[in-house]
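K.L.:
Pasting a predicted model and its sequence here:
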Amino acid sequence: MINEKMYALGANRSCIRELFEYGSQRAAVVGRENVFDYSLGNPSIPAPAGVNEAIHAVLNEMDSLAVHGYTSAPGDLGLRQAVAADLNERYDAGVRPQDLFVGCGAAPELVSVIRALAVENAEFIAVAPFFPEYRPFVESSGGKLVVVPADIPAFQIDMTALENAITANTQAIILNSPNNPAGTVYTAETLQKLARLLDRKSAEVGHTIYIISDEPYRELVYGGITAPWIPGIYDNTVVCYSWSKSLSLPGERIGYVYVPKQCADHDALYAAVAGAARSIGHVCAPSLLQKVIARCVQLRPDLQAYDENRRLLSESLASYGYEMAKPDGAFYLFVKAPDGSSAAFSEKAKQHDLLLVPGDDFGCPEYFRICYCVSRDLIERSLPIFEKLIKE
Ligand code: PLP
């Protein structure tokens, strides 16, 4: 017998993957250059040269058994020390190596943190639009995902909607800033209001309501903005970070969970994160990468190509009459479908081999997502299609 829930998750491909597959099929027919594929968030900026240099250096300098052997379950101490030092330099954060658990990317780290908090009847709140994988992450952990709409069109957090959604079962709110799919960066003001609300509600329900901060896009911000350091604003914040996007290493599967020492029940929570990671066989992130990243924590991405794409697309689309969320971060534009249904609009776009992800799975069906980590040339050649579609 097969577990039906797992079967359904595996058999029903995500809408993004479906579109990506469709794009590959069309490329075989009409040529790769004629498919305007804005579906998948695969970085288009190569990893900084320092990463490849570090890979060579680790392989040349270190003992092969040490490079490829198991590390300790929470990760190499050297990497955790390097990450702690970097975060302390940037945010004066008071991070200790023992607050960090090295993981295989933000996705399994989120699962571990969600599982660590998934007590009976646990509810986890996500702000729509949200990363669709939160649903299987929460539901497969036995929790309930509660969705509250963002404060559209600003796409910040609607505090009233959030307050109304908090119950005695609320364990955490999952935040993602810079946001996939909206490109929004939560302001310090939004986060301070949120912290006040969560402090008040935690006291009211009699237990801590945590923030789970999903941060693979932390450094991908534009126009002089910085993403506020959320544990500095709300003590009970657990961070799930990865180098998938910031160093363009999504296939290498490396990141960390950070449980701040000021978090309520710090030791028990850290142990539960480690235990949850163990329960899904998610211990000992790739050893080579742990050594490499220990030498690369200070590298930052060169965002120029994304920024140029962002400006070209957002300014052109706005000039044709499209409305969109303010694209301050990540590499997504979240655009309002002119006729109100992003699914219908995405179908129309497909006729022109323009692949846009409808917002339904993100909990926002009126908007579609454009992932602009593509070549500038592709954007330039796709613009006339966007213009034609809105005129139609
Ligand atoms: N969270 C968000 C919002 C994402 O967009 C992604 C990947 O696209 C992830 C988590 C997963 O990141 P990782 O590849 O590091 O597991």
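P.N.:
Alright, I've got the coordinates.

K.L.:
tell me which parts of this structure are close to the ligand?
P.N.:
Applying CB under 6 Å from any ligand atom, one finds that the chain approaches the ligand through 41, 105-107, 131, 176, 180, 214, 216, 242, 244, 250, 255. Every C-beta, even on glycine, is put in place using the N, C-alpha and C of the backbone.

K.L.:
Just the buried residues of these.
P.N.:
Among those, those scoring as buried are 41, 105-107, 131, 176, 180, 214, 216, 242, 244, 250, 255 (criterion: 16 or more other CB atoms under 10 Å).

K.L.:
what comes into contact with the strand ranked longest in the chain?
P.N.:
Criterion DSSP state E: the longest strand present in the chain is strand 144-151. Strand 144-151 has contacts (CB atoms under 8 Å, 6 or more residues apart in numbering) with 121-130, 134-135, 138-139, 156-158, 161-162, 164-165, 169-170, 182, 184, 363-364.

K.L.:
ok, 7 Å please
P.N.:
The contact list for strand 144-151 (CB atoms under 7 Å, 6 or more residues apart in numbering) reads 123-130, 134-135, 138-139, 156-158, 161-162, 165, 363.

K.L.:
could you pull out the helices for this protein?
P.N.:
4-11, 15-30, 49-61, 64-68, 77-91, 106-117, 134-139, 159-165, 188-205, 266-279, 287-294, 304-320, 342-350, 376-391 (DSSP state H).

K.L.:
In terms of secondary structure, what does the first one contact?
P.N.:
Translated: helix 4-11. Using 3 or more CB pairs under 7 Å, 6 or more residues apart in numbering; DSSP states H and E as the contact test, no helix or strand touches helix 4-11.

K.L.:
May I have it exported as PDB, CA atoms only?
P.N.:
C-alpha atoms of helix 4-11 as PDB (Å, rounded to 0.1, in the frame of the first residue of the first chain):
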ATOM      1  CA  GLU A   4      -2.000   8.600  -0.400                       C
ATOM      2  CA  LYS A   5      -0.900  12.000   0.800                       C
ATOM      3  CA  MET A   6       2.700  11.400  -0.400                       C
ATOM      4  CA  TYR A   7       1.400   9.900  -3.600                       C
ATOM      5  CA  ALA A   8      -0.700  13.000  -4.300                       C
ATOM      6  CA  LEU A   9       2.300  15.300  -3.500                       C
ATOM      7  CA  GLY A  10       4.500  13.400  -5.900                       C
ATOM      8  CA  ALA A  11       2.000  12.800  -8.700                       C
END
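
K.L.:
looking only at pLDDT, what's the mean for that helix?
P.N.:
For helix 4-11, mean pLDDT is 90.

K.L.:
Likewise for the second one?
P.N.:
Mean per-residue pLDDT for helix 15-30: 90.

K.L.:
Please apply the same query to the fifth one.
P.N.:
The average pLDDT within helix 77-91 is 98.

K.L.:
Could you give the separation of that helix from the chain centroid?
P.N.:
In this view, helix 77-91 has its centroid 21 Å away from the chain centroid, taken as CA atoms, centre = their mean, to the nearest Å.

K.L.:
helices or strands next to that helix in the packing?
P.N.:
Against helix 77-91 (3+ CB pairs under 7 Å, 6+ apart) you get strand 100-103, helix 287-294.

K.L.:
Mean neighbour count, the ones you listed: which tops it?
P.N.:
strand 100-103 (a mean of 27; mean count of other CB atoms under 10 Å).

K.L.:
Direction included, what does that one pair against?
P.N.:
Take DSSP bridges as the rule and strand 100-103 pairs in its sheet with strand 255-258 (antiparallel).

K.L.:
quick one: contacts of the strand it pairs with?
P.N.:
For strand 255-258, the surrounding residues in contact (CB under 7 Å, 6+ apart) are 83, 95, 99-103, 105-106, 109, 112-113, 238-244, 273.

K.L.:
if you set the cut-off to 6 Å instead, what comes out?
P.N.:
99-103, 105-106, 109, 239-242, 273 (CB atoms under 6 Å, 6 or more residues apart in numbering).

K.L.:
from the chain's centre, how far out does that strand sit?
P.N.:
13 Å.

K.L.:
Then stretch 75-95?
P.N.:
Worked out by CA atoms, centre = their mean, stretch 75-95 lies 21 Å from the chain centre.

K.L.:
Tell me the buried residues in that stretch?
P.N.:
For stretch 75-95, burial by neighbour count (16+ other CB under 10 Å) applies to 75-76, 79-84, 86-87, 93, 95.

K.L.:
For those, work out which two are farthest apart.
P.N.:
The largest separation in these, counting by CB to CB, is between 76 and 93 at 20.1 Å.

K.L.:
if we can go back for a sec, strand partners of the longest strand of the chain, parallel vs antiparallel please.
P.N.:
Paired strands of strand 144-151, with direction, are strand 123-128 (parallel), strand 156-157 (antiparallel) (DSSP bridges).

K.L.:
With mean pLDDT, mean neighbour count and distance to residue 314 added, can I get these in TSV?
P.N.:
Formatted as TSV, the strands paired with strand 144-151 follow (pLDDT from 0 to 100; neighbours: other CB atoms under 10 Å; distance: least, CB to CB, whole Å):
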stretch	mean pLDDT	mean neighbour count	distance to residue 314
strand 123-128	98	24	21
strand 156-157	98	23	18
